[in-house]
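Asker: take this sequence and fold it.
(one chain, ligands or ions: 1)
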Amino acid sequence: MVYENPDGVRIGLEVHVQLNKLNTKLFCGCSTKYHDSEPNTHVCPVCLGLPGSLPVINEKAVEYAMKIGLALNCSIVEQTQFHRKNYYYPDLPKGFQTTQYDFPIAGEGKIVIEGEDGERVIGITRAHMEEDPGRLQHMGSIDKSKGTLINYNRSGMTLVEIVSEPDMRSPKEARRYLDKLRSILDYLDVFDGDLEGAMRVDANVSVFMGERVEVKNISSFKGAERALLYEIMRQKNHIRRGGEITLETRHFDEARGVTLSMRTKETENDYRYFPEPDLVPLRVADRVPEILKTLPELPDAKRERFVKEYGIIDMHARALTTEIKVADFYEDVAAKVDPKAAAVWVADILKGELNYRDLSINAFSVEDIVAIIELVTSDKITEQSGVEIIRTVRDNGGKPLDIVKEKGLLKVADDIVATAVEEAIAENPEAVTDFHAGKEKSMNFLVGKVMQKTKGRADAREAREKLIAKLNE
Ligand SMILES: [Zn+2]
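Answerer: Presented below is the predicted three-dimensional model:
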């Protein structure tokens with residue numbers, strides 16, 4: 001099925017990734033562990049841009065940025081350089097942001113996503129390094145705020161801005177792109193995506209190939225999808241009423257789920273970029289081979305390997321490789337039990353149970369799931385009991401084998417099920433007549449009777465098969 005994109009939607013995303021796993025900021029020695037600190041306690045003359053202070057580049061930050069560029073299949077520039085982007089805004093006390101302009105560290109690349117109609121390649125325009133400004137906290141909503149507070153702890157944190165081509169055709173594709181990007185960054189271990197402000201999104205949106213509108217400062221992926229849905233609808237309605245879409249910047253009000261006009265879009269000329277005189281150009285191309293060696297196996301490659309090595313279906317391989325933690329967990333389990341059974345239990349059942357409780361895979365142990373899978377595959381307990389054990393371990397703790405004993409979950413022997421089947425048939429002649437008359441519900445009733453007689457330890461599917469066989473004798 002080919003996706004026709006009826007509204008001619010084009011979406012491009014600019015994602016700011018904060019490299020919060022670095023110990024120090026981009027140009028100074030201030031600690032990056034500010035998330036639980038009082039406002040304005042992680043600052044120095046350099047990250048506040050006080051007169052006379054001089055920036056010194058954080059080498060580790062350059063290495064991380066190159067890693068990101070290479071993982072996104074980008075070309076790495078020979079020599080990179082920082083520029084001053086001049087504008088005055090209270091989150092930036094020095095009046096300019098140190099960023100990269102015409103020599104971004106990473107050039108064109110790509111990310112492959114699951115699009116509306118199968119795999120789709122989204123172009124990466126560039127990825128560059130810059131410093132994070134401070135954080136404005138409006139008292140109330142942005143348009144009715146009584147005042148604004150500024151916290152400079154974030155000022156000078158390393159950001160890598162990843163700019164995509166306007167290749168996405170729907171909010172769903174944009175969401176998939178963000179998920180994939182997050183997955184790749186997790187694999188690289190360059191940031192902790194759960195920390196506040198770790199990934200911030202600006203979106204460029206247009207419909208019917210018209211003028212684009214920029215929606216700024218979206219702080220969550222769910223927010224991105226909602227903001228895009230709203231903005232596409234707004235533009236379509238505006239055009240339908242005879243209006244025209246002009247270049248503009250809008251703000252997404254997360255609480256109300258609407259975008260609000262902020263200002264007409266500035267052009268690059270408004271910023272008066274010029275080379276940062278306090279930082280010399282940086283030769284980076286020579287370091288590519290050494291950094292390539294540090295790249296881990298990335299999600300797509302891991303998925304392909306899982307299919308080949310473990311013989312599991314692509315859908316499972318995909319579910320298992322989205323998160324590096326889940327992939328590692330799976331491989332530990334697959335080393336001990338049948339990899340295909342492991343895929344079903346980890347990807348379908350365990351992940352489902354944990355997602356439902358909003359828990360990560362680390363909340364369960366490899367040892368426990370291995371024990372459960374062994375019990376099920378050796379036919380000692382039913383699949384249903386396996387799921388029950390997972391829930392019990394999560395809610396009350398304990399070891400699977402003990403829970404089996406405590407709850408009496410060991411599957412009953414075949415002859416006990418056979419006896420229960422015979423009894424159920426003998427004791428319920430009406431249901432038997434109904435079954436022969438084609439009334440499906442009577443079968444459920446009989447299965448229920450068998451389960452009752454075996455205290456729920458028979459396998460329901462097996463009981464049904466035995467009942468049908470017996471009734472058709
Ligand atoms: Zn500092």
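
Asker: okay, and the helix or strand of the chain with the least pLDDT?
Answerer: Lowest on mean pLDDT, DSSP states H and E among the helices and strands of the chain sits strand 258-264, with a mean of 83.

Asker: nearest the geometric middle of the chain, what residue?
Answerer: Nearest to the geometric centre of the chain sits residue 179, at 4.0 Å (CA atoms, centre = their mean).

Asker: per-residue pLDDT, that residue?
Answerer: Residue 179 carries a pLDDT value of 96.

Asker: now swap in residue 266 and tell me
Answerer: Model confidence at residue 266, given as pLDDT, is 62.

Asker: the one 4 residues further on too?
Answerer: Turning to residue 270, the model gives it a pLDDT of 75.

Asker: where do the strands sit along the stretch 251-400 of the chain?
Answerer: With DSSP state E, counting those that start in this stretch as the criterion, the stretch 251-400 of the chain has strands at 258-264, 274-275, 282-283.

Asker: so which elements touch the first one?
Answerer: When contacts are defined as 3 or more CB pairs under 8 Å, 6 or more residues apart in numbering; DSSP states H and E, strand 258-264 sits against strand 213-218, helix 221-240, strand 248-253. The C-beta positions use only the backbone N, C-alpha and C, and glycine is treated the same way.

Asker: take the strands of the stretch 251-400 of the chain and lay them out in JSON lines including mean neighbour count.
Answerer: Formatted as JSON lines, the strands of the stretch 251-400 of the chain follow (neighbours: other CB atoms under 10 Å):
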{"stretch": "strand 258-264", "mean neighbour count": "14"}
{"stretch": "strand 274-275", "mean neighbour count": "14"}
{"stretch": "strand 282-283", "mean neighbour count": "14"}
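
Asker: for this structure, longest strand please?
Answerer: Scanning the chain for the strand with the most residues, using DSSP state E, yields strand 118-131.

Asker: next, the buried residues of that one.
Answerer: Residues 120, 122, 124, 125, 126, 127, 128, 129, 130, 131 are the ones in strand 118-131 that count as buried (16 or more other CB atoms under 10 Å).

Asker: which of the residues you listed sits closest to residue 62?
Answerer: Distance from residue 62 was checked for each of those by CB to CB. The minimum falls on residue 129, at 7.4 Å.

Asker: I'd say the closest one and residue 64 touch.
Answerer: No: using CB atoms under 8 Å, residue 129 makes no contact with residue 64, being 9.2 Å away.

Asker: need the residues touching each of these two.
Answerer: Shared contacts of residue 129 and residue 64, defined by CB atoms under 8 Å, 6 or more residues apart in numbering, are found at 158, 160.

Asker: and the residue of the stretch 51-200 of the chain nearest the ion?
Answerer: Across the stretch 51-200 of the chain, the shortest distance to the ion (CB to the ion) belongs to residue 156, at 5.3 Å.

Asker: ranking the helices and strands packed on strand 258-264 by burial, who's on top?
Answerer: Stretch with highest mean neighbour count among these: strand 213-218 (a mean of 21; mean count of other CB atoms under 10 Å).

Asker: OK, contacts around residue 32?
Answerer: 20, 22, 23, 24, 25, 42, 157.

Asker: go on, residue 54?
Answerer: Residues in contact with residue 54 (CB under 8 Å, 6+ apart) are 46, 278.

Asker: from residue 400, how far out is the nearest residue to residue 121 once chain neighbours are set aside?
Answerer: Nearest non-adjacent residue to residue 121, counting by CB to CB, 6 or more residues apart in numbering: residue 110, 5.2 Å away. Separation of residue 110 from residue 400 (CB to CB, to the nearest Å): 44 Å.

Asker: of the two, which one has the most company?
Answerer: Neighbours per residue (other CB atoms under 10 Å) separate residue 110 from residue 400, with residue 400 holding more: 24 against 15.

Asker: state the distance from the more buried one to residue 102.
Answerer: 60 Å.
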